[in-house]
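Colleague: quick check, what structure comes out for this input:
(chains A and B)
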Amino acid sequence: MTSQLPFFLAHIWLLPMFPLVTAAAMLFFGRKLKNDAINVLCAGSVFISFIFSAGSFLQLLSLPQDNRIAINVLFEWLPAVPFHMLDGRLANFVADWGFQLDPLSGVMILVVTGVGFLIHVYATGYMAHEGGYYRFFGYLNLFMFAMLMLVLANNFLLLFVGWEGVGTCSYLLIGFYFHKKSASDAGKKAFIVNRIGDAAFLLGIFMTSALLGTIRFADIGPVLAKENFEVGDPRIVAIALLFFVGATGKSAQIPLYVWLPDAMEGPTPVSALIHAATMVTAGVYMVTRTSAIYVLAPSALAVVAIVGAITALFAASMGVVQTDIKKVLAYSTVSQLGYMFLACGVGAFTAGIFHLMTHAFFKGLLFLAAGSVIHALSGEQDMRKMGALSKKIPITYWTMLIATLAIAGIFPFAGFLSKDLILGKAYEKDALLWAIGYFTAGMTAFYMFRLIFMTFHGESRVDHEVEHHIHESPRSMLIPLVILAALSIAGGWVAWPEILGGNSVFIRFLEPVVAVPHELRAEAAKGVSSRMGEIGLMLLSEGLVVCGILAAWYLYIKRTNLPQMIANRLGWFYRLVYNKYYVDELYDSLFVNRAKDLGLALGAFDRTVIDGAGVNGAGWLTRFISKVSMWWDTWIVDGSVRFGARVVWLLSIPVRMIQDGLVQSYMLLVVIGLIGFLAYYFHIAHQAMH
Amino acid sequence: MIPTEAYLILSLALFTIGVVGVLTRRNVIVVLMSIELILKAVNINLVAFSRHFGSVDGQVFAIFIITDAAAEAAVGLGIILAFFRNRETVLADEMDMLKW
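Modeller: Numbers count the residues shown, from 1 in each chain, chains lettered A, B, ... in the order given. Next up is the predicted model:
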């Protein structure tokens, strides 16, 4: 099988290995290397991975459309372990070190290595003056390895390896400035919150294995078909929900989104790569990868859609009032991920992946451009201390504007195509879901242009000290910006909708690996989608987006005192939103502090019961027993010995009195004895005579 | 002729004096002399009974005892002399080393 595959497809397992090798080199010997050498090695290995990805993607395209899959099994990871499935049948638990390339993972590796490479190049400029340069790139390459493992794995267990690997790298990179307490706290928070989702994901894997008897992706669809599971089977729903809980952790959805805004403590390239473009989309990828399970669980899909829609709206509302440029983008990321889940939830998995890809372009660009702004302002992140930067850093301005137009959904930028595809699918499913998504699109346009206007337009509010140092970023940072800007414009054109004269190449490309919900399948067969309706929806959302932009312009350029007045007018509601709905405080009081209380209680238990009653009690008891034993020895054992001695001593007194050593007293005794003897003798003799 | 009882009474008196001397005198030389008195009392007894029974056996014994007493006196005085050289005393009540 392998030998028949073309070169790249036969060696896809090599893809993650390039960054792994350089990551190991960095982490073991990086300290001794010069920055230039690190740049060449780390960016170079990712570039090789990208070339490899492109090569294998092209070779994948050359395969026949219904058989576009390549599987490399490197070696058997866990030997076949027999176990009983839920229904009692015996199955073998098999997990291979196996890699699978199909259209879905093909898209993912291109995004991961492509955007990843650009961000590596950017980071060589951004991090040039930071300490721990080798450490940063070592972690970054390790992340690339884990992410590629995640998207290339051919079974759940290997996917989980990558899943945990990216989580670990995320933790390491959020806490990169570990001497800052807030950064190390944010790292811990990300790790712990993710752990909750991971636990559910792991349970989902166990249940899949127990129910279907396999954890290979390629086997899941056929097994589901063969076993004839009913739509809505509760066991399938349970698996789907467990997977989704896992996805909410990694992809920052309600209720586990709280770590992502805090993750902005990490260096900006990390925010761009991990917390915008790649890692946080792993949940969407995973849900899409398991779409065959989800289509059998309509109730789970509904949960996915509702959580996605609410997260999109909720996060966008928090983004409106943030003043930290990176925090705005963080909430925007949460919101956009909500869109992707909304897409998955309404059964349009391909639309979700499409938005994932365009989002990787424009959100990666937004973060990189924000990093460039921060770089220009010597580390300032507060938008209230920016303004009027468009002339001073023009390239950053123009690229960021393009990304903003893309995320806002202006025709024909990439974001427009993907977001409208999602909204169209949502409308087909449920008008309320569409309404939430539609309203959120308006808010997105508003808060993104608020960011643009506060940062680049109006009057300068920059500190004088900082103002002198404003400079455009070096070329290594600008080139990735320009390339990503081009992708933000044109990246969506691969799925140019049929309604506008295109042929949705991208969607058709993905369709073979993604399942379609039954009712949608039926509808597609009927061909009910109304052309006029689709165009109408597009115009409607364009209208709202323009309104959002105009509102932002009016509030932040025209009448700059108005936002404060509105904030004052809204009072408690503004404070509620400004404080992020007090969700962190709620979690603190419900879970975090309760966990701390539990820790304190267990500590007190240890101190009093284990140490106190147990250890100290045992010590006290031993001492007590030894005292009793000592009393026994002193008084009973030694006492009886001394008592015997005393008795002998007392008895010896008369004997000692006799033995005085004087010859004469001995003599006297002899005489007395003699007299006594004689007296006795004569007494006997006298009696004998009578 | 002097009756045998008279000899025996003399012998008894001498013996008693000797015993009392041995028991009471502090000077060891006097004690030795008292022992001689006891031996002489025995000798008188032997001789008296020899004559009483008309046998010479008792007289032979008496000769032995005299010889023995001479040897004993020599040894006893030698011990006393040696003791005096060590302890510078000849008093019996200071000679209490036998109990050790």
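Colleague: can you name the residues that contact the residue nearest to residue B:57 when sequence neighbours are not counted?
Modeller: Spatial nearest neighbour of residue B:57, chain neighbours left out: residue B:50 (6.7 Å); criterion: CB to CB, 6 or more residues apart in numbering or on different chains. Heads up, the C-betas are built off the backbone N, CA and C, glycines and all. Residue B:50 is in contact with B:56, B:57, B:58, B:59, B:62, counting by CB atoms under 8 Å, 6 or more residues apart in numbering or on different chains.
Colleague: and which of the residues you listed is nearest to residue A:343?
Modeller: Closest approach to residue A:343 among the contacts of residue B:50 (CB to CB): residue B:62, at 153.2 Å.
Colleague: contact partners for the closest one?
Modeller: B:43, B:46, B:47, B:50.
Colleague: tell me which helix or strand the residue nearest to residue B:57 sits in.
Modeller: helix B:28-53 (DSSP states H and E).
Colleague: and for residue A:548?
Modeller: helix A:531-553.
Colleague: now residue A:74
Modeller: Going by DSSP H and E, residue A:74 is part of strand A:70-84.
Colleague: show me what that strand is packed up against.
Modeller: helix A:7-10, strand A:90-101, helix A:156-174 (3 or more CB pairs under 8 Å, 6 or more residues apart in numbering or on different chains; DSSP states H and E).
Colleague: and if we set it to 10 Å?
Modeller: helix A:7-10, helix A:35-61, strand A:90-101, helix A:156-174, helix A:181-212 (3 or more CB pairs under 10 Å, 6 or more residues apart in numbering or on different chains; DSSP states H and E).
Colleague: return the distance of it from the chain's centre.
Modeller: Distance, stretch centre to chain centre, for strand A:70-84: 26 Å (CA atoms, centre = their mean, to the nearest Å).
Colleague: in that strand, what's buried?
Modeller: Buried residues in strand A:70-84, counted by 16 or more other CB atoms under 10 Å in any protein chain shown: A:70, A:71, A:72, A:73.
Colleague: of those, which is the nearest to residue A:242?
Modeller: residue A:71 (25.7 Å).
Colleague: so the closest one touches residue A:158, yeah?
Modeller: No. The pair residue A:71 and residue A:158 fails to qualify as a contact (CB atoms under 10 Å) at a distance of 11.9 Å.
Colleague: which residues do these two both contact?
Modeller: A:96, A:98, A:99, A:100, A:216, A:217 (CB atoms under 10 Å, 6 or more residues apart in numbering or on different chains).
Colleague: out of the residues you listed, who's nearest chain B?
Modeller: Using CB to the nearest CB, residue A:96 is the member of the shared contacts of residue A:71 and residue A:158 that lies nearest chain B, at 99.8 Å.
Colleague: tell me the secondary structure at whatever residue of chain A ends up closest to chain B.
Modeller: Closest to chain B within chain A is residue A:661: 3.3 Å, counting by CB to the nearest CB. Secondary structure, DSSP: H, G, I helix; E, B strand; the rest coil: residue A:661 is coil.
Colleague: count of residues packed around residue 20?
Modeller: All of this refers to chain A. Using other CB atoms under 10 Å in any protein chain shown, residue A:20 is surrounded by 18 other residues.
Colleague: look at chain B instead
Modeller: The number of residues packed around residue B:20, counting by other CB under 10 Å, is 13.
Colleague: so which helix or strand takes in it?
Modeller: Going by DSSP H and E, residue B:20 is in helix B:4-24.
Colleague: A strand includes residue A:461, no?
Modeller: No. Assignment of residue A:461 by three-state DSSP gives coil, placing it outside any strand.
Colleague: that one is in contact with residue A:556, isn't it?
Modeller: No. Using CB under 10 Å, residue A:461 is not in contact with residue A:556, being 11.9 Å away.
Colleague: shared neighbours, the two?
Modeller: What both residue A:461 and residue A:556 touch, as defined by CB under 10 Å, 6+ apart, is the set A:383, A:387, A:454.
Colleague: let's have those residues in a markdown table, adding neighbour count, pLDDT and distance to residue A:570.
Modeller: Shown next, in a markdown table, are these (neighbours: other CB atoms under 10 Å in any protein chain shown; pLDDT from 0 to 100; distance: CB to CB, whole Å):
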| residue | neighbour count | pLDDT | distance to residue A:570 |
| --- | --- | --- | --- |
| A:383 | 24 | 90 | 20 |
| A:387 | 19 | 84 | 24 |
| A:454 | 24 | 92 | 19 |
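Colleague: can you list the residues of chain B near chain A?
Modeller: B:19-20, B:22-26, B:28, B:31, B:35, B:92-100 (CB under 10 Å from any CB of the partner chain).
Colleague: check what pLDDT residue A:514 gets.
Modeller: pLDDT recorded at residue A:514 is 87.
Colleague: meant to ask about residue A:566
Modeller: pLDDT recorded at residue A:566 is 84.
Colleague: and whichever strand or helix holds it with helix A:531-553, angle?
Modeller: Residue A:566 is part of helix A:562-570 when elements are defined by DSSP H and E. Per axes from the mean of the first three to the mean of the last three CA atoms, to 10 degrees, the angle that helix A:562-570 makes with helix A:531-553 is 100 degrees.
Colleague: just the buried residues of helix A:562-570, please?
Modeller: Buried residues in helix A:562-570 (16+ other CB under 10 Å): residue A:563.
Colleague: packing partners for that helix?
Modeller: The helices and strands touching helix A:562-570, judged by 3+ CB pairs under 10 Å, 6+ apart, are helix A:298-321, helix A:572-578.
Colleague: between helix A:298-321 and it, find me the angle.
Modeller: Per the same axes, to 10 degrees, the angle that helix A:562-570 makes with helix A:298-321 is 120 degrees.
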